[in-house]
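In: need coordinates for the below:
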Amino acid sequence: MVKVLLVDDDENVRYSLKRLLTRAGHDVTEAENGKKALAQMTSEIQIVVTDIVMPDMEGIGLLQELKKAYPDLPVVVISGGGRMGAKGYLETANVLGADATFMKPLDESAFLTSITDLTTPVADTD
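Out: Prediction:
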């Protein structure tokens, strides 16, 4: 079980993704924007999934703050578009250190695989 912080201002998206993640066996905490997500961050959070376009603090700002404060914490960025279009936002997120990016609607299988891959410790080969 992975402790996921899910950040999206769209309640329906949060509901759908929480349901998907919970069915996959993960423990999900929700926040509706970056500002609230930062307030909810604890050392128990193992991965953050964030939308980009949100009120108060957008996902790009959240990504930057998380990478500064928790450099080893995996961050998955999702986007359905906006002024720049989803692809432009996701490219920016990649440059700023996102560990994975997905365009909405998500490929659920690839999304869940990335959550597993990003939170599974790498075996020591010594």
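
In: I'd like to know which elements the lowest-mean-pLDDT helix or strand in the chain is packed against.
Out: One helix or strand of the chain scores below all others by mean pLDDT, DSSP states H and E: helix 85-95, with a mean of 82. On a contact count with 3 or more C-beta pairs under 8 Å, 6 or more residues apart in numbering; DSSP states H and E, helix 85-95 meets helix 59-69, strand 75-79, strand 100-103. Backbone N, C-alpha and C define where each C-beta goes, glycine included.

In: distance of the residue nearest the centre of the chain from Ala98?
Out: Geometric centre of the chain, nearest residue: Val49, 1.3 Å, by C-alpha atoms, centre = their mean. Taking C-beta to C-beta, to the nearest Å as the measure, Val49 falls 11 Å from Ala98.

In: between those two, which contacts overlap?
Out: Contact criterion C-beta atoms under 8 Å, 6 or more residues apart in numbering; residues shared by Val49 and Ala98: Val75, Val76.

In: re the thing from before, correct me if wrong, but the residue nearest to the centre of the chain is in a strand.
Out: Yes. Looking at Val49 with DSSP: H, G, I helix; E, B strand; the rest coil, it is inside a strand.
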